[in-house]
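A.B. asks: For reference, the sequence and a predicted model appear below.
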Amino acid sequence: MMITGKFPSLRLRRSRKNDWSRRLVQENNLTPNDFILPIFLIDGKNKKQSIKTMPDVYRYTLDRLSSVVDKAIKKGLPMIALFPYTEKKKKNTLGTEALNEDNLVCKAIQLIKKRYKNEIGIMCDVALDPYTSHGHDGLLKSGYVLNDETNKILINQSLLQAQMGCDVLAPSDMMDGRIGEIRKSLDKNGFKMTQILSYAVKYASNFYGPFRDAVGSKKTLQGNKKNYQMDFRNSNEALREVALDIKEGADMVMVKPGLPYLDIIKLVKQNFKVPVMAYQVSGEYSLLSNGIKKKIVNNEVIIESLIAFKRAGANAIISYYADRLDQILR
Ligand code: PBG
């Protein structure tokens, strides 16, 4: 790129002098349309349960869900993402609770669809980790997560969630080939319009700790997820993952975690020109929130970090701040 002009005729500080002028040349901005709100669900009645490692984030029972969804709609958010905390007694090695049509997520989808129709989109993870006793996203055999066998279950989990009314299925499991197989079975079963947001680039990250706490898989997780989630040293591999998932029928792709992976967001956007979602994950959220609480930094770091996603090329951001941004922006 050519840089035109030179000092002293060129002074870049001229446009920075006044607030109106700074606003005039702004290149990126945040609107409610840029956000997806994750919601944690829990069994029981009339509970709003705090999560130790995630300040100001709660788990809600279904009878309190509509207050959260009301707020999300009022704030103009296009979509929410549902995540269940599953009681230990409902977990087993096969994660069969994932296929129970009375599980928390299924009940929540039905409830929201009945009450709100298409006022807001519903996104659901496709993966077994909230339901398995070992905390892995798929079936485990001698410490290895089986691919093709897991896909068979993920297809059924996808179909079930689509039947319940889920708008956007978000496979977060990182099995090979699952997008194509899920798309095929959705189409075959009359769900041609159900979207797929593939967690195409999901790293085996240390930033997921608080989330695992929130869904109750932290203590139970055996080992790590490195034999299916990506090595954080790699970026070429991210492009291969995205290419495959788009070919297999993904409508949108996700890069996860967020802030430490802005280079990947940009690479994906520049190479594929598809809708790219970024996940500001639980560890990022907790670090920022605790830093603010301890007065190490002020709360403008939230906006600064969210704008960074937009600068990198993200279309939208999954963020635990999504329903509180106007308070923070003020
Ligand atoms: C489950 C899943 C995870 C997250 C979203 N879906 C955790 C994991 O893979 O262990 C993490 C989200 C967050 O940290 O906020 N497959």
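C.D. replies: The structure has been received and is ready for your questions. Numbering: from 1, shown residues only.

A.B. asks: what residues does the stretch 101-250 of the chain put near the ligand?
C.D. replies: 125, 127, 129, 137, 172, 208, 211-212, 225 (C-beta under 6 Å from any ligand atom). In this view, the C-beta of every residue, glycine as well, is placed from N, C-alpha and C.

A.B. asks: One more pass at 8 Å, please.
C.D. replies: By C-beta under 8 Å from any ligand atom, the residues of the stretch 101-250 of the chain that approach the ligand are 125, 127, 129-130, 135, 137, 172-173, 199, 202, 205, 207-212, 214-215, 217, 221, 225, 229.

A.B. asks: Among those residues, the buried ones, what's the ChimeraX command?
C.D. replies: To isolate the buried members of these in ChimeraX, using 16 or more other C-beta atoms under 10 Å:
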select :125,127,129,130,135,137,172,173,199,202,205,207,208,209,210,211,212,214,215,217,221,225,229
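
A.B. asks: Among the residues of the stretch 101-250 of the chain next to the ligand, which are located in strands?
C.D. replies: Taking DSSP state E as the definition of strands, these contribute 125, 199, 202.

A.B. asks: ok, the last one - contacts?
C.D. replies: Contacts for K202 were tallied using C-beta atoms under 8 Å, 6 or more residues apart in numbering; they are 172, 174, 229-230, 254, 256.

A.B. asks: which residues sit against the top helix by length along the chain?
C.D. replies: Using DSSP state H to define each element, the chain has its longest helix at helix 148-164. Around helix 148-164, the neighbours that count as contacts under C-beta under 8 Å, 6+ apart are 94-95, 98-99, 101, 105-106, 109-110, 113, 124, 126-128, 137-139, 169, 171, 173, 175, 177-178, 181-182, 185-186, 189, 191, 194.

A.B. asks: just the buried members of those residues?
C.D. replies: 94-95, 98-99, 105-106, 109-110, 113, 124, 126-128, 137-139, 169, 171, 173, 175, 178, 181-182, 185-186, 191, 194.

A.B. asks: quick revisit: and of the ones in strands among the residues of the stretch 101-250 of the chain next to the ligand, the nearest to the ligand?
C.D. replies: D125 (5.1 Å; C-beta to the nearest ligand atom).

A.B. asks: what ranges do the strands span in the stretch 201-330 of the chain?
C.D. replies: 252-256, 276-279, 316-318 (DSSP state E, counting those that start in this stretch).

A.B. asks: Work out the gap between the shortest one and the centre of the chain.
C.D. replies: I take that to be strand 316-318. 7 Å (C-alpha atoms, centre = their mean, to the nearest Å).

A.B. asks: before we move on, what about stretch 62-82?
C.D. replies: The mean C-alpha position of stretch 62-82 is separated from the chain mean by 16 Å, C-alpha atoms, centre = their mean.

A.B. asks: Using PDB, write out every CA atom in that stretch.
C.D. replies: Coordinates of each C-alpha in stretch 62-82 appear next as PDB, following Å, rounded to 0.1, in the frame of the first residue of the first chain:
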ATOM      1  CA  LEU A  62     -36.200 -23.000  32.900                       C
ATOM      2  CA  ASP A  63     -38.800 -21.100  34.800                       C
ATOM      3  CA  ARG A  64     -36.500 -18.100  34.900                       C
ATOM      4  CA  LEU A  65     -35.300 -18.400  31.300                       C
ATOM      5  CA  SER A  66     -37.800 -16.000  29.900                       C
ATOM      6  CA  SER A  67     -36.500 -13.100  31.900                       C
ATOM      7  CA  VAL A  68     -33.100 -13.600  30.200                       C
ATOM      8  CA  VAL A  69     -34.600 -14.100  26.700                       C
ATOM      9  CA  ASP A  70     -36.800 -11.000  27.200                       C
ATOM     10  CA  LYS A  71     -33.700  -9.000  28.000                       C
ATOM     11  CA  ALA A  72     -31.800 -10.300  25.000                       C
ATOM     12  CA  ILE A  73     -34.600  -9.400  22.700                       C
ATOM     13  CA  LYS A  74     -35.100  -6.000  24.200                       C
ATOM     14  CA  LYS A  75     -31.400  -5.300  23.700                       C
ATOM     15  CA  GLY A  76     -31.700  -6.300  20.000                       C
ATOM     16  CA  LEU A  77     -29.500  -9.400  20.100                       C
ATOM     17  CA  PRO A  78     -30.000 -11.600  17.100                       C
ATOM     18  CA  MET A  79     -29.300 -14.900  18.800                       C
ATOM     19  CA  ILE A  80     -28.800 -16.800  22.000                       C
ATOM     20  CA  ALA A  81     -26.700 -19.900  22.600                       C
ATOM     21  CA  LEU A  82     -27.900 -22.600  25.100                       C
END
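
A.B. asks: That concludes my questions; thank you for your assistance.
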